[in-house]
Every structure is written in structure tokens, then in C-alpha cells.
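> this is the structure alone, sequence omitted:
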């Protein structure tokens, strides 16, 4: 077997500078919203709003973690980390998911305590605060989600869902406070029950994000679309007769490809090397995010590929 040594030395481009800027914006927005919601919740006797402030505080920490993860992941590969620092993104996504679990647990404990403790209904004006929060957070979530989809970044996608979970918890608080205000006596705890609903939604989203981050950290194979893209590029290269093996892993926003292609056994070593370079180029044209492509040249053996 002849292997064509194409090590993954190509620098991995930063996962969208826009994503880093959005993480910084999210940090500032969450800091401001956390203070506003905490003060409004305490003055307006609305625990659902206080719980929402807790969620914004975790969002603030989450945005800081994502920003740090993106900065580390954007570093070029070096001697110590020849495959780059892309895993920092998945680690950041896992940390954000853990923060969401923590926020959900804290909100649940406090909501149950509030339900057991008699208190007055929330002030109606707190609904205005929540409406503003919902609009701001959903707008931010959409922009961050767009950046995450464009870059394929687990950390950025996690940050988007963190923003969205805040919008969802704010909406649940809005519904609960509305019920408490409109319902009158006997409905004072409606906003506390709304906080419990929000905590459940946050925990579920955290679980989904953690699963995605763990898949990347454990080198789970990418989806069929990526594998098909690579296979088509290789098989579409003149001289390639079959693919024996194909392994792909995702690190941050980059993919690392290990592929065994079969060609004419009578080919010289030089000819095989030239062909491997053409296969590598075809794969990178089809999949620009392929930071490393390792081509193994094998003699064509139909009985092994049947």
C-alpha cells in the first residue's frame, strides 16, 4: 500500500469573526438584561422575572465561554496541536449546556419555594419589561443561529440556543404573570409555575446541546451529506476506480478526511502520487472546510469493493 502524505497543515480559518463579535454583543446584552430583570422582578414581586434574570446571568457567562472558545479554536495548528484547536468549540458548547442545566436546577428550586410561600400577585408593569426582553433575545438568537449555521460551529449554535432559551423563559414568565394579574386572588403563583415550565424547556435544550458537543468530542462520523460529498469528489476524479475506506471527523468548523482509494495496479509510484494530489484537490473544492485530507493509494481489487 502506498500512502500519499498530505498532513493537515493547512491553517483552519477562524469560525467567522462575526460569530466572535456576536458573542461579545451577547455578553453586553445579557449583562444589561440580567440587571433590568432582577430589579424589575424584585420591585414588581414577580419571581418568574427573577428566574429570568438568573437565566440571563448564565447567558452572560455562556457568551463569555463561547467567545473564549472561538478565540482558541481560531488558532492555527502547531507542533503540539497538529490538528488545530477546533475542539475548544465543542468544549465551549458542553460548558454552555452545563450552565443551562445549572440555571434550570436553580430556577426549579426557587420556583418550588415560591409556590409554597404565600405572596402577592406580580405588578402588571412587569409585562412590558418581558415584552422588550423577548424581542431583544429572539432577535439576537436568530442572528447567532445564522452565524452558527454558516460556520458549522457547535459553540455558536449552543450560544444561539442559550439566547433562545432565555426568550422562551421570558415568554413563559409573560404568560404566568398575565394569568396572575388577570386571574386575581388564587392565581398569585401562576408566574412561579411558569418559571417551572421555563426550567424544563431550558433543561431539555441543554441536553440536546450537550449531546451534540459530546458527539463531536468523541469523533462521531458526520452526516451522510458530508460523506457523500467526499465520495463523489473522489470517484469523480479520473483514474480513481473505487473507494475502499472513508473516515471523516469534525474538529470545530473543520473536517479531517482519511480515505483509501483504489487505482490501476500498474500505476507507478509517481503516477499514484500525482493522482492522490488530484483527489485531494477535488475533495477540497467540494468541501472547503476540509482542513486535512490524507489519501491512501491502493491497487484496484474488485473482489474487495464488491
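Cool, got the structure. Quick caveat: nothing in here was measured; it's all calculated off a predicted structure. Residues are numbered from 1 along each chain as shown.
> in its sheet, what does the one helix or strand residue 297 maps to sit against?
Assigned by DSSP states H and E, residue 297 belongs to strand 290-299. Sheet pairing for strand 290-299, assigned by DSSP bridges, gives strand 2-4 (antiparallel), strand 254-263 (parallel).
> ok, residue 56 - how many residues close by?
Residue 56 has 27 neighbours, counted by other Cβ atoms under 10 Å. Just so you know, the C-beta spots here come from the backbone N, C-alpha and C atoms, and that holds for glycine as well.
> correct me, but it touches residue 28?
No: Residue 56 lies out of contact with residue 28 (Cβ atoms under 8 Å); the separation is 11.7 Å.
> what strand or helix carries residue 273?
helix 269-286.
> can you give me the buried ones in that helix?
The neighbour-count check on helix 269-286 (16 or more other Cβ atoms under 10 Å) flags 272, 273, 275, 276, 279, 280, 282, 283, 284, 286 as buried.
> ok so, going back, what is the rounded mean pLDDT of the strand holding residue 297?
Computed over strand 290-299, the mean pLDDT rounds to 92.
> between it and helix 269-286, how big is the angle?
140 degrees (axes from the mean of the first three to the mean of the last three Cα atoms, to 10 degrees).
> list the buried residues in strand 290-299.
Judged by neighbour count (16+ other Cβ under 10 Å), strand 290-299 contains these buried residues: 290, 291, 292, 293, 294, 295, 296, 297, 298.
> quick one: the first one from residue 85, how far?
As defined by Cβ to Cβ, to the nearest Å, residue 290 lies at a distance of 17 Å from residue 85.
> also the last one?
Using Cβ to Cβ, residue 298 is found at 32 Å from residue 85.
> and of the buried residues of strand 290-299, the nearest to residue 42?
Residue 42 lies nearest to residue 291 out of the buried residues of strand 290-299, by Cβ to Cβ, at 49.6 Å.
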